[in-house]
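Trainee: take this sequence and fold it.
(chains A and B)
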Amino acid sequence: MTKSTSLSSEQLWIEVLAEIKKQVSTANFLTLFKHTMLLSCEDNIATITTPSTMISDLLKKRFGKEIKTLIDAKTSGDVELLFITKPLDRQALSEEKSGPLFETESSGDKTNKLKSQPLAVGHLPRVRPEYTFSTFAVSGSNQLAFTAASTVSKHMGTYYNPLFIYGPVGVGKTHLMHAVANEVYQKSPDQKIIYITSEEFTNEVVDAIRTNSTANMKRRFRSASLLLIDDIQFIEGKEKVQEELFHTFNILIDNHAQICLSSDRPPHEIKKLEKRLSSRFAGGLTVDIEAPDVELKTAILQMKAEKFGHNLPTEVATMLAERVEDTRSLEGLLLRVITQASTTGSQITTELAQKALGIMKEERSSHIHAEDVIRTVCDYFGVKTTQIKGPKRDASLVKARQVAMYLLKEQLGLTFVEIGNLLGGRDHTTIMYGVEKMESLVENKAKITQDIMGITKSLRG
Amino acid sequence: MKITLLAESLQKKLSYLNHAISTRTDLPILLNILIETEASGIKLSATDLEIGIEITVPAEVVEEGSISVPARSFIELVNSLPNEKLTLFLDKNMLIVESKKTKSSFQTTPASDFPKLYEDKGAMIASVSFVGLKKDASIVVLSSSTDTGRPALSGVLFKKEDEGFLLVGTDGYRLSLKHHTVTGEGSGAKEEMSIIVPAKVVREVLSMKDENQIAIYLSRSSNQIIFEQKDVLLVGRLIEAEFPNYERIIPSDHNSKASFDREALLKAVKICSIFAREAANIITLSLKKDMILVSSQTPSLGENTVEVEAQLVGEENEIAFNARYLLEILSGLTQNEITLEMTGPLNPGVFKIKDDASFLHLIMPIRVQQ
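Mentor: Numbering: from 1, shown residues only, chains lettered A, B, ... in the order given. Next up is the predicted model:
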């Protein structure tokens, strides 16, 4: 609990946002707070910038009180909020690529890029040197975690201790943990940094007990100035390990050593974890990383492709990003596309990517049933399944029906005739028209695209 | 609040308002519309936080007031009523809509919960004809990217010129540039300016229903642009980014120049796209002495060629494009005498309208392996 007035406005805002995030849905949070900043907090006036008048006004009305209470609590003052509209701050976005039209005339020699950068001499055991802050793609879904982690690496043991990062698989928890370790190591290589997974930690504890060398192990962990434990949820139910961690934890915190933990869920949701531990885990800053949004996934894909020495056109990247949820499968998919492109000597095109995607879809979509799709669509649009299969053609029904057609085609690869039968015996030409219409809407990024993504998410989910 | 108005006058306007209603249900207030009384009518507003739309409808105001109601059901209800006199009034927090034979009541939300669309309009920078803007902006916005991850490319550049605006749109693979002349009263921008308007906002302007003159307002301080017709107002926020240096990539010279009929080439490309679909959508244009040979092939399917009459100045040449880009620009244009200028198969091809220096369209070719 750092109670200080010396918090910079940037850090103050991070803490405020972390609190607000607990109270509102992710979608809300992203829409309203994504590009906000606390410009200054002086003389009891907190100036908050937002990208538009509408958002300023909505924030003032909906969250004014909460924001004031939080800032007051953290600065022990009585602030007045001032919302101003300011152009978006684009610092967080990586430098913008304008596409092939704007690239200089150095065509042809892509092979140069294949040479990977030389690695820094020596790196930390178990820590991948290429996982740094600069190779981490930042967007709304992970900005908090990113800023928190980089703050921690700069001010070890002072601001957020422990830093607890949680989120689903493939969102970059491990990357951030490694980045903290790398950053600290780069700046002060003589610091004692221990990066370990909770499984390895468990093994060490067990080994130490078995060989009667617990003293050695204790000394090793308790002398660290930065301890990072990945996937901490695996110590669930392991009493002896938890006890060891508890003592190590206390000693490290007393020594002002920094602790970073990652997990797939927040501390209080880790079952069979002693109360005293879970309360300590939550005693610093707990941030979560959401599943990446499309922009972020697109950026990640392009960064990865560049690493492999390929230029991935944005339209291809966006298409892949829109259709695949998990970042790891995205990486696999990218590899497949790249391999295919380089073996056939062709360029990476949307068509090529679609083929690769088709193969993957066959591998994974078999567990979704047609009726699930229809039910999910109906739930989403608030219509009944009997209506969607019925003869009525109200605009709202038609929309839901066409979305269902599209998803049945796109996700399950059913034939037009099959889809027609599923949707109350409609003619296959009706289905063809519906699917084509949705395809062109999706291609043009019409509003409906968001709906479709939402539905796909809940289908998978 | 109590007002009376004709159902038809409301119905005409509601469909456009619908464009700004959010499809996302996580912020309930955005699924509402705001109804406010004015001196001689009512104002209805909707926003999805990206764009905001305000419409005014003539009405007889019996008692002033403002309220917000669920958009979808309100719009659906009004649209399904016959054209007769409607009375809207508040009764114990419910909005009652009454016509001769129907009576409906809606749950309401206080008007103060609804976000303000803008603080003030800002300075009026131009007044343009809707028809002229639509014609010019539609062939520019088609080149804009739909990828919001690259902000600068997802908008149209509006740059002040002596006689109007320069409009530029590009997605990094193609680029449209058009000098839009503004004539008559209130013509052109008065101050130096160069702004990027989101493609979405531009498309919404072009989809306005009436053909009235459009006034454009710009507010730098709140980073917003407003397009206003007589009783329709659209507000959007500007894109704050560096527009790519488009001047640098416009070729100053060419080796070959083919003049052809737009519709003939469009037809040829449509035919060839059948065979291009499976092969990365690549269509090859061979510029010959008195024709353009349009061809495409798919190893597993077959190939085809179409001849299009053309006059060539300069050397024979060959260039390959993505069929989609060709189709979009050829069907977007209205003029029929078009030229294609190029220097080689790896440099951008430039499409121009004959005897019209105010427009050009650039497409990045596809490198084809021989």
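
Trainee: next, count neighbours for the residue of the stretch 51-200 of chain B found nearest chain A.
Mentor: Scanning the stretch 51-200 of chain B for the residue nearest chain A gives B:Gly172, at 1.6 Å (criterion: CB to the nearest CB). Yep, even glycine has a C-beta here, placed from its N, CA and C like the rest. Residues near B:Gly172, counting by other CB atoms under 10 Å in any protein chain shown, number 24.

Trainee: for the one 10 residues further on, same thing?
Mentor: By the other CB under 10 Å criterion, the neighbourhood of B:Val182 contains 20 residues.

Trainee: pLDDT (mean, whole number) over stretch A:208-219?
Mentor: Stretch A:208-219 shows a mean pLDDT of 82.

Trainee: neighbouring contacts of that stretch?
Mentor: Residues from elsewhere that reach stretch A:208-219 (CB atoms under 8 Å, 6 or more residues apart in numbering or on different chains): A:204-205, A:207, A:240, A:244, A:247-248.

Trainee: flag every residue of the stretch 351-461 of chain A that's near chain B.
Mentor: Residues of the stretch 351-461 of chain A lying near chain B by CB under 8 Å from any CB of the partner chain: A:351-352, A:396, A:444-445, A:447-448, A:450-451, A:454.

Trainee: tell me which of the residues you listed has the lowest pLDDT.
Mentor: A:Lys445 (66).

Trainee: got the buried residues for the strand or helix carrying A:Tyr433?
Mentor: If you go by DSSP states H and E, A:Tyr433 is part of helix A:428-443. Residues of helix A:428-443 classed as buried: A:430-431, A:434-435, A:438, A:441-442 (neighbour count, 16 or more other CB atoms under 10 Å in any protein chain shown).

Trainee: off-centre distance for it?
Mentor: 32 Å (CA atoms, centre = their mean, to the nearest Å).

Trainee: buried stuff in the next helix or strand after it?
Mentor: Where DSSP H and E defines the elements, the next helix or strand beyond helix A:428-443 is helix A:448-460. Buried residues in helix A:448-460, counted by 16+ other CB under 10 Å: A:448-449, A:451-456, A:459.

Trainee: go on, stretch B:65-79?
Mentor: B:65-71, B:74-75, B:78.

Trainee: what's the first-to-last distance across it?
Mentor: 23 Å (CA to CA, to the nearest Å).

Trainee: who touches A:Ile71 in this structure?
Mentor: So A:Ile71 contacts A:12, A:16, A:41, A:46, A:77, A:79, A:81 (CB under 8 Å, 6+ apart).

Trainee: what about A:Arg128, distance to A:Thr135?
Mentor: For A:Arg128, the distance to A:Thr135 equals 10 Å [CB to CB, to the nearest Å].

Trainee: which residue packs closest to the residue of chain A found nearest chain B, ignoring adjacent ones?
Mentor: Of all residues in chain A, the one sitting closest to chain B is A:Gly99 (1.6 Å; CB to the nearest CB). Spatial nearest neighbour of A:Gly99, excluding adjacent residues (CB to CB, 6 or more residues apart in numbering or on different chains): B:Gly172 at 1.6 Å.

Trainee: my guess is the residue of chain A closest to chain B contacts B:Leu175. True?
Mentor: No - applying CB atoms under 8 Å, one finds A:Gly99 not in contact with B:Leu175, separated by 9.6 Å.

Trainee: and these two? which has more neighbours close in?
Mentor: Per other CB under 10 Å, whichever of A:Gly99 and B:Leu175 has more neighbours is B:Leu175, with 27 against 23.

Trainee: quick one: secondary structure of the closest residue to that one other than its chain neighbours?
Mentor: In space, and not counting its chain neighbours, B:Leu175 is closest to B:Leu362: 4.3 Å by CB to CB, 6+ apart. The local conformation at B:Leu362, judged by DSSP: H, G, I helix; E, B strand; the rest coil, is strand.

Trainee: name the SS class of B:Leu175, please.
Mentor: Assigned state for B:Leu175: strand (three-state reduction, three-state DSSP).

Trainee: enumerate every residue touching it.
Mentor: Contact partners of B:Leu175, counting by CB under 8 Å, 6+ apart, are A:101, B:143, B:168-169, B:246, B:249, B:361-362.

Trainee: and it, bridged to which residues?
Mentor: Taking DSSP bridges, one finds B:Thr170, B:Leu362 as the beta-bridge partners of B:Leu175.

Trainee: report pLDDT for it.
Mentor: 94.

Trainee: kindly report the same for A:Thr415.
Mentor: At A:Thr415, pLDDT is 85.

Trainee: report the contact partners of it.
Mentor: By CB under 8 Å, 6+ apart, the contact set of A:Thr415 is A:His428.

Trainee: would you mind measuring from it to A:Val377?
Mentor: Distance from A:Thr415 to A:Val377, by CB to CB: 19 Å.

Trainee: ok, B:Ser73 next?
Mentor: Computed as CB to CB, the B:Ser73 to A:Val377 distance reads 20 Å.

Trainee: swap in B:Pro299?
Mentor: Taking CB to CB, one finds B:Pro299 at 38 Å from A:Val377.

Trainee: what of A:Pro100?
Mentor: From A:Pro100 to A:Val377 the distance is 38 Å (CB to CB).

Trainee: quick one: low-confidence parts of the stretch 301-450 of chain A?
Mentor: Within the stretch 301-450 of chain A, the segments meeting pLDDT under 70 span A:359-367, A:445-446.

Trainee: ok, 80 please
Mentor: A:306-311, A:322-329, A:331, A:340-368, A:443-450 (pLDDT under 80).

Trainee: now the buried residues of helix A:448-460 as CSV including distance to A:Leu30?
Mentor: CSV is the format used below for those (distance: CB to CB, whole Å):
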residue, distance to A:Leu30
A:Ile448, 20
A:Thr449, 16
A:Asp451, 17
A:Ile452, 18
A:Met453, 13
A:Gly454, 13
A:Ile455, 18
A:Thr456, 18
A:Leu459, 21
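
Trainee: out of the residues you listed, which comes closest to B:Leu14?
Mentor: Distance ranking of the buried residues of helix A:448-460 against B:Leu14, using CB to CB, places A:Ile448 first at 19.4 Å.

Trainee: measure the closest residue to the closest one other than its chain neighbours to A:Ala400 for me?
Mentor: Counting by CB to CB, 6+ apart, A:Ile448 lies nearest to A:Leu441, which is 5.1 Å off, once chain neighbours are set aside. Here the criterion is CB to CB. By it, A:Leu441 lies 14 Å from A:Ala400.

Trainee: show me what residue of the stretch 251-370 of chain B gets nearest to chain A.
Mentor: Residue nearest to chain A within the stretch 251-370 of chain B: B:Ala280 (4.2 Å; CB to the nearest CB).

Trainee: list the contacts of that residue.
Mentor: For B:Ala280, counting by CB under 8 Å, 6+ apart, the contacting residues are A:346-347, A:349-352, B:322, B:366.

Trainee: of these, which is the most crowded?
Mentor: That'd be B:Asn322 among the contacts of B:Ala280, by other CB under 10 Å, with 23 neighbours.

Trainee: what's opposite that one in the beta bridge?
Mentor: Beta-bridge pairing for B:Asn322 (DSSP bridges): B:Ile282.

Trainee: what about stretch B:160-169 and chain A, any contact?
Mentor: No - figure legend: stretch B:160-169 not in contact with chain A (CB under 8 Å from any CB); closest approach 12.0 Å.

Trainee: residues of that stretch that come out buried?
Mentor: Judged by neighbour count using 16+ other CB under 10 Å, the buried positions of stretch B:160-169 are B:160, B:164-169.
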